[in-house]
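**Q** I'll drop the sequence and a predicted model, then ask my questions.
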Amino acid sequence: MKYWRVIRYWIQSKYDVSTADIEMMLFLYSEEIFSKKMFAQFEQCMSWDENRFRRLVKEGWIVLWRERKGRKANLYKLSYKGQTLVRTIYRKLNGEEIGESPSLNPLFRNDASYMDKQYRKMIVEMNEFIKQQRRLAQE
């Protein structure tokens, strides 16, 4: 968790999602299958965004798992895209390096903002720390 802020900023830049969207997907990842009601219950402790559910569906983060039948509500799940985002977060938190290539990481492009450049420095520092930890573990 030491580099959570750096990883979160990188995820937000790479996938164009908000902090609340990331937190929602982390919650839904553990739920696997969920209803819109369950989504709304967790959303109550987040910043207000009445279009969050529709937007996440439209952007492909959430998909319909089972269509409504009679009194049974629609059920949803995180899409492959959403699951990949969450797995990426977990891998980075567990010590996988963040790529420093401008083609894969928007923070390393030439047109990066001042804050992107500050986080870029932290990514380089984080990657060095991870490499050092690996070297120490091998000894």
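**A** All right, it came through fine. Numbering: from 1, shown residues only.

**Q** For the spatially closest residue to residue 31 that is not a sequence neighbour, give me the pLDDT.
**A** The shortest distance from residue 31 to any non-neighbouring residue, by Cβ to Cβ, 6 or more residues apart in numbering, is to residue 38 (6.6 Å). Quick note: C-beta positions are derived from backbone N, CA and C, even for glycine. We have a pLDDT of 90 for residue 38.

**Q** Would you double-check that residue 38 falls in a helix?
**A** Yes: counting by DSSP: H, G, I helix; E, B strand; the rest coil, residue 38 is found in a helix.

**Q** Helices along the chain, start to end?
**A** Under the criterion DSSP state H, the chain contains helices at 4-15, 19-31, 36-43, 52-58, 80-93, 114-138.

**Q** Which among the ones you listed is found nearest to residue 100?
**A** Closest to residue 100 of these, according to Cβ to Cβ: helix 114-138, at 6.7 Å.

**Q** got the angle for that closest one vs helix 4-15?
**A** Per axes from the mean of the first three to the mean of the last three Cα atoms, to 10 degrees, the angle that helix 114-138 makes with helix 4-15 is 120 degrees.
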